[in-house]
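Enquirer: Structure here, sequence nowhere to be found:
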């Protein structure tokens, strides 16, 4: 497959050929998506961060399948909702660039930000970094 | 952005410019991914399936942002693991086609399958459909 | 087991006997918890709400195991963080009672609330209910 | 509240007083549960394991609320499915004791086990530990 449009068409045909469109409500697809995301998380739950950066080949192959499952359900869900993934991503990156300006959050982000769990580096300052 | 490669590059730059690469271990990114997937699920949790198929414009716009967040973390995670999303999806669809042959699972899937919660239509036969 | 304290002690012993305390950081336990929550979701993802209210015995037994897994990790996580589950629940219910006063949210909740995906009944008003 | 039974009754009254029982299908409650589990995960996603073991007081208080939310939905879901949480946990711990015998999995678990992502310590042996 060359692009997201072709993948979208392929997934439409897959559901249609099995008469599964009836199950593919956005509600159900969001559930299927998070189930696959959790199968991905499962591979990493007992690993250290360092181990997660250096997976053995067999683990990496298994993780690749979970990544594919998340991708498949995401493309299918976006299709049902009429969302163009590339457009949505571009728009969201634009919002993120405004929310986290590079020159302000670089380095020890914790010092510039109040505790915001969604931002990397916004660790609550509890004195562990020595200042 | 035209394609996944360009999006991947854009996300690399975003992390690099903020010195956030240190936080982007596959372990952490899998957590961020599932958190965004849950924000998607949250929009649908109290809706009926029918309601989820006909979102009001403002809900749809909010859902689009969550979909974008999942997509962004998925592309970033795949990049760190050296996974090509299109190749992985194509491979997985091939496996799914073998696992769920269209001519066998079509229609009342429950009759052909033992209970397998991952397969649409494989509802345990508990006599509610009258046969 | 009679109560949460006894369960907590039992889980402490389980981890200690296997030398698994090293893996039981709150970060890792939160991952294990959501993985089990997803296994619960998986049972319901293709079911209608009505079907989910009337599980066949074998499904119910499988669901019971997933519920137990979530409970086990939750008790373990609370123990590590020094959280008393009953106290925390009572406190949270008190907050919820203030946030969602019964006399204001009863009945067609959507009419009284702006869209708040976390509140049952706060379905975006898209005209489907005829008013 | 003294015990799980009292909490269960309290949650029944909460839903009944708001006419929210209609939304509380097991399907929907499993979604609400995983959404709360994700809010818990969100607190830990960018923290190191060590940081997650030593939360600042304000983070710990926020985490306590998410833990309570998971607990509340779990108790509510178990009630709807007629599951006794203490009985289910005891049964599951019994199964786990057989699945992971203490004398076999203790210590460097990876050496005794094939890769099983659900077991702590069953890290794929990729030669990083030097043997």
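Expert: Cool, got the structure. Everything quoted here is computed from the prediction, not taken from an experiment.
Enquirer: drop to CA atoms for contacts and neighbour counts, all remaining ones
Expert: Will do.
Enquirer: Wait, residue A:80 touches residue A:23, no?
Expert: No: between residue A:80 and residue A:23 there is no contact under CA atoms under 8 Å: 11.9 Å.
Enquirer: Tell me how many other residues crowd residue A:98.
Expert: Residue A:98 is flanked by 9 other residues according to other CA atoms under 10 Å in any protein chain shown.
Enquirer: Do a quick rundown of the helices in chain A.
Expert: Remark: helices assigned in chain A by DSSP state H are A:4-17, A:26-44, A:49-52, A:57-81, A:85-99, A:102-105.
Enquirer: ranking those helices by burial, who's on top?
Expert: Among the helices of chain A, ranked by average contacts under mean count of other CA atoms under 10 Å in any protein chain shown, first place goes to helix A:26-44 (a mean of 27).
Enquirer: Centre of the chain to that one, how far?
Expert: Remark: helix A:26-44 is offset 10 Å from the chain centroid, using CA atoms, centre = their mean, to the nearest Å.
Enquirer: what's the angle from it to helix C:26-44?
Expert: Counting by axes from the mean of the first three to the mean of the last three CA atoms, to 10 degrees, helix A:26-44 lies at 140 degrees to helix C:26-44.
Enquirer: would a markdown table of the helices of chain A with mean pLDDT and distance to residue C:35 be doable?
Expert: Listed next are the helices of chain A as a markdown table, based on pLDDT from 0 to 100; distance: least, CA to CA, whole Å:
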| stretch | mean pLDDT | distance to residue C:35 |
| --- | --- | --- |
| helix A:4-17 | 97 | 26 |
| helix A:26-44 | 98 | 5 |
| helix A:49-52 | 97 | 17 |
| helix A:57-81 | 98 | 13 |
| helix A:85-99 | 97 | 26 |
| helix A:102-105 | 87 | 31 |
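Enquirer: Out of those, the one nearest chain D is which?
Expert: Ranking the helices of chain A by proximity to chain D (CA to the nearest CA) places helix A:26-44 first, at 5.4 Å.
Enquirer: Can that closest one be said to contact chain D?
Expert: Yes: with CA under 8 Å from any CA of the partner chain as the criterion, chain D is reached by helix A:26-44 at A:31, A:42-44.
Enquirer: Could you list every helix and strand that that helix packs against?
Expert: Applying 3 or more CA pairs under 8 Å, 6 or more residues apart in numbering or on different chains; DSSP states H and E, one finds that helix A:26-44 makes contact with helix A:57-81, helix B:26-44, helix B:49-52, helix C:26-44.
Enquirer: These into TSV, with extra columns for distance to residue C:67?
Expert: Shown next, in TSV, are the helices and strands packed on helix A:26-44 (distance: least, CA to CA, whole Å):
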stretch	distance to residue C:67
helix A:57-81	23
helix B:26-44	19
helix B:49-52	24
helix C:26-44	7
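Enquirer: out of the ones you listed, nearest to residue A:101?
Expert: Nearest to residue A:101, of all these, is helix B:26-44, at 19.8 Å by CA to CA.
Enquirer: got the angle for the closest one vs helix B:57-81?
Expert: Taking the same axes, to 10 degrees, one finds helix B:26-44 and helix B:57-81 inclined to each other by 160 degrees.
Enquirer: which one is residue A:48 nearest to, not counting chain neighbours?
Expert: In space, and not counting its chain neighbours, residue A:48 is closest to residue B:27: 7.7 Å by CA to CA, 6 or more residues apart in numbering or on different chains.
Enquirer: residues contacting the one you found?
Expert: With contacts defined as CA atoms under 8 Å, 6 or more residues apart in numbering or on different chains, residue B:27 is in contact with A:41, A:44-45, A:47-49, A:52-53.
Enquirer: Spell out which residues of chain A are next to chain C.
Expert: Applying CA under 8 Å from any CA, we find that chain A lies next to chain C at A:23, A:28-29, A:31-32, A:34-35, A:38-39, A:41-42, A:45-46.
Enquirer: Now with 6 Å, please.
Expert: A:28, A:31, A:35, A:38, A:45 (CA under 6 Å from any CA of the partner chain).
Enquirer: Many thanks, I have nothing further to ask.
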